[in-house]
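Trainee: Provided below are the primary sequence and the corresponding predicted coordinates.
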Amino acid sequence: MSRTTPRIALLGAGPYRFPGIELECYNDLASLQGNSEADVLLVDLPGEQAGPALRSLRLDPRYRFSLIYCCQDQDPWCIALGDGPPPADPGAITPLWRLWRERLGLFNRGAAPERFEERVMAWLWLRSRGEVLAVRDAGVPQHYRYPLLEVLGNEETINQFSWLQLMSQQGWLEEGELQDRLRLCTSCGSGRLNYVDVCPECQALDIGRQPSLHCFTCGHVGPQEHFLKEGVLLCPNCLTRLRHIGSDYDRPLENYRCRNCQAFFVDAAVDARCLDCGQSHAPDKLRVREIRHFRLAEAGRLRCREGFGAGAMNIERFGSLNLLPRQAFLDLLNWQLQLTRRHRDPAFSLLGLRFVNLLETLFQLGEMRGHALVDGLVERLQEAVRETDRCCRLSEEVLWLLMPHTDATGMEVVRKRLVKGAERLTAGQATPIEVRLAVFTAPDDQQEQEDAALLLARLGGQLG
């Protein structure tokens, strides 16, 4: 029989600050990992100790995805790998753990995460506000690291920044708050750069500020010391005596002199010199990298529920629902728009559906029953369309249907069928799902220079 309450273990101080809940207490990490099979962990250690302990726990397959709360001050590693401070009411841990366990059962249709991307997606899926957080670390060449990717890597060699960019391009992850912007060496990728002033003529490092004078008579410019002869100012070139600044001479803007080539200049050039490989670069030639947090995107949530086990013939589709991913759908829609813009034929139609009160339905029915209802609705809707039509579920609320060779009359027939199918499926539910529609037919409704992304955004406004 499945348990209804979690086993809770505490690492650190005694349980006096957690009244009313049963705890297994451990004084050190070794005893916890050697004797415990807890469902929820409380780490009652100072931040500088809690961070390394949490990292070790996440490396342990038993606690890779578990709820782990840090009870004292949290260092950046605690924030990146933990679940925050424990609830103010210790009794709230049980319902949180039940929700966690329910979501674990929904992930990947019950299959355990095996590949690296599945483990990362599972960790984020199990937390409603889960993020892949960047942590600043001066000890690494690129100044930032992603602790979650490190502990879930299983000693795999992963280029964290490239992997995050790939997942973002696929639509599984979306960019969060911008944390920093780095300049990196184009040779080795290091961010350890020293910016030095150099001569713009010969790029020598040995330059210095030096006052100079400009003779109006012959135009000669030189160091001020060369004009001083026995206490008076004489131009070393034409030997004119310089009495009045502004009429005989002035001080030019050139304030620097290169001790290597003797050039005078106003502003020095700047070189970015890599402290790791020694290469020099012009600052505008450096690689620019933005450091961001990342979170699970809508397409990633759908992937977590529908599964990762699609075969090679169906690798870019979501499970049994057979939906195109966002980018593939946008490419197909762009192609259709280009055809009708050029040839005005054949016509095609696009229909958007939004399940307006989906969140209310999930709240009342529970996550598992609610999502089962939505999946049934999507499958019923697909029965109403043809094999040649293409679908895309951009979020859990929004579905798009692309219908080639379908004019406005055919679009109206499909729309009525979809409305009837939705009404039959949701009839009798405590909270019927409201379906809102937006329709488009090309070339009649087509606007000049409007691409697929702009079209979906325009129609999305009608969906609300």
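Mentor: It's in.
Trainee: run a quick neighbour tally on residue 22.
Mentor: 10 (other CB atoms under 10 Å). Yep, even glycine has a C-beta here, placed from its N, CA and C like the rest.
Trainee: let me fix that, I meant to ask about residue 277.
Mentor: With neighbours defined by other CB under 10 Å, the count for residue 277 comes to 13.
Trainee: next one, pLDDT for the nearest residue to it once chain neighbours are set aside please.
Mentor: Excluding its sequence neighbours, the residue lying closest to residue 277 (CB to CB, 6 or more residues apart in numbering) is residue 188, at 4.3 Å. For residue 188, the model assigns a pLDDT of 87.
Trainee: ok, now residue 43?
Mentor: So, for residue 43, pLDDT stands at 91.
Trainee: before we move on, the earlier item: mind listing what the residue nearest to residue 277 touches?
Mentor: Contact analysis of residue 188 by CB atoms under 8 Å, 6 or more residues apart in numbering lists 141, 274, 276, 277, 279.
Trainee: ok, now with 10 Å
Mentor: Counting by CB atoms under 10 Å, 6 or more residues apart in numbering, residue 188 touches 141, 274, 276, 277, 278, 279.
Trainee: and it, what helix or strand is that in?
Mentor: Using DSSP states H and E, residue 188 falls within no helix or strand.
Trainee: on that earlier part again, of the contacts of residue 188, closest to residue 357?
Mentor: Among those, residue 141 lies closest to residue 357 (CB to CB), at 50.0 Å.
Trainee: the closest one: neighbour count?
Mentor: Counted with other CB under 10 Å, residues neighbouring residue 141 total 16.
Trainee: swap in residue 346?
Mentor: Residue 346, neighbours per other CB under 10 Å, totals 14.
Trainee: that one: what secondary structure?
Mentor: coil (DSSP: H, G, I helix; E, B strand; the rest coil).
Trainee: host element of the closest residue to residue 123 other than its chain neighbours?
Mentor: Nearest residue to residue 123 in three dimensions, chain neighbours excluded: residue 65, at 5.7 Å (CB to CB, 6+ apart). Assigned by DSSP H and E, residue 65 belongs to neither a helix nor a strand.
Trainee: look up how far residue 122 lies from residue 65.
Mentor: 6 Å (CB to CB, to the nearest Å).
Trainee: shared neighbours, the two?
Mentor: Residues within reach of residue 65 and of residue 122 at once, by CB under 10 Å, 6+ apart, are 104, 107, 113, 152.
Trainee: what's the neighbour count on residue 175?
Mentor: By the criterion of other CB under 10 Å, residue 175 has 14 neighbours.
Trainee: also residue 139?
Mentor: Using other CB under 10 Å, residue 139 is surrounded by 6 other residues.
Trainee: what's the pLDDT at the residue in the chain sticking out farthest from the centre?
Mentor: In terms of distance from the mean C-alpha position of the chain, residue 230 ranks first, at 69.8 Å (CA atoms, centre = their mean). Confidence at residue 230, expressed as pLDDT, is 80.
Trainee: wait, what's in contact with it?
Mentor: By CB under 10 Å, 6+ apart, no residues touch residue 230.
Trainee: then residue 64?
Mentor: Contacts of residue 64 by CB under 10 Å, 6+ apart are 57, 58, 113, 119, 122, 123, 151, 152, 154.
Trainee: could you rerun that using 8 Å?
Mentor: Contacts of residue 64 (CB under 8 Å, 6+ apart): 58, 119, 123, 151, 152.
Trainee: any idea whether the spatially closest residue to residue 36 that is not a sequence neighbour is helix, strand or coil?
Mentor: Distance criterion CB to CB, 6+ apart; nearest residue to residue 36, sequence neighbours excluded, is residue 9 at 4.7 Å. With three-state DSSP as the basis, the three-state label of residue 9 is strand.
Trainee: surely residue 9 touches residue 24?
Mentor: Yes: using CB atoms under 8 Å, residue 9 is in contact with residue 24, at 4.4 Å.
Trainee: mutual contacts of these two, please.
Mentor: 36, 38.
Trainee: any idea what residue 209 is bridged to?
Mentor: Beta bridges link residue 209 to residue 256, judged by DSSP bridges.
Trainee: so how far is residue 224 from it?
Mentor: Distance of residue 209 to residue 224, computed by CB to CB: 12 Å.
Trainee: stretch 4-13 - what's its average pLDDT?
Mentor: For stretch 4-13, the mean pLDDT works out to 87.
Trainee: mind checking the end-to-end distance for that stretch?
Mentor: End-to-end span of stretch 4-13 (CA to CA, to the nearest Å): 26 Å.
Trainee: in it, what counts as buried?
Mentor: 6, 8, 9, 10, 11, 12 (16 or more other CB atoms under 10 Å).
Trainee: what sits against the nearest residue to residue 12 once chain neighbours are set aside?
Mentor: Closest residue to residue 12 apart from its sequence neighbours, by CB to CB, 6+ apart: residue 44 at 3.3 Å. Contact analysis of residue 44 by CB under 8 Å, 6+ apart lists 10, 11, 12, 13, 17, 71, 72.
Trainee: try it again at 6 Å.
Mentor: Counting by CB atoms under 6 Å, 6 or more residues apart in numbering, residue 44 touches 10, 12, 13, 71.
Trainee: show only the entries of those found in strands.
Mentor: 10, 12 (DSSP state E).
Trainee: make TSV from the contacts of residue 44 and add distance to residue 183 to it.
Mentor: Formatted as TSV, the contacts of residue 44 follow (distance: CB to CB, whole Å):
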residue	distance to residue 183
10	45
12	41
13	45
71	39
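Trainee: looking at the contacts of residue 44, which is nearest residue 443?
Mentor: Nearest to residue 443 among the contacts of residue 44 is residue 71, at 63.3 Å by CB to CB.
Trainee: next one, pLDDT for the closest one please.
Mentor: Looking at residue 71, the pLDDT reads 88.
Trainee: so how far is residue 53 from it?
Mentor: Going from residue 71 to residue 53 by CB to CB gives 12 Å.
Trainee: quick one: buried residues of stretch 84-100?
Mentor: Residues of stretch 84-100 classed as buried by neighbour count (16+ other CB under 10 Å): 86, 90, 93, 94, 96, 97, 100.
Trainee: what of stretch 147-164?
Mentor: By 16+ other CB under 10 Å, the buried positions in stretch 147-164 come out as 147, 148, 149, 150, 151, 152, 153, 158, 160, 161, 163, 164.
Trainee: go on, stretch 392-406?
Mentor: Going by neighbour count (16+ other CB under 10 Å), the buried part of stretch 392-406 is 392, 393, 394, 396, 397, 398, 399, 400, 401, 402, 403, 406.
Trainee: wait, the fifth one sits on residue 356?
Mentor: Looking back up the chat, that one is residue 397. No: Residue 397 is beyond contact range of residue 356, at 7.5 Å (criterion: CB atoms under 6 Å).
Trainee: show me the helices in the chain, by range?
Mentor: Taking DSSP state H as the test, the helices found in the chain are 29-35, 47-59, 76-81, 93-106, 116-125, 147-151, 160-170, 224-227, 298-306, 326-343, 358-365, 367-383, 408-426, 452-463.
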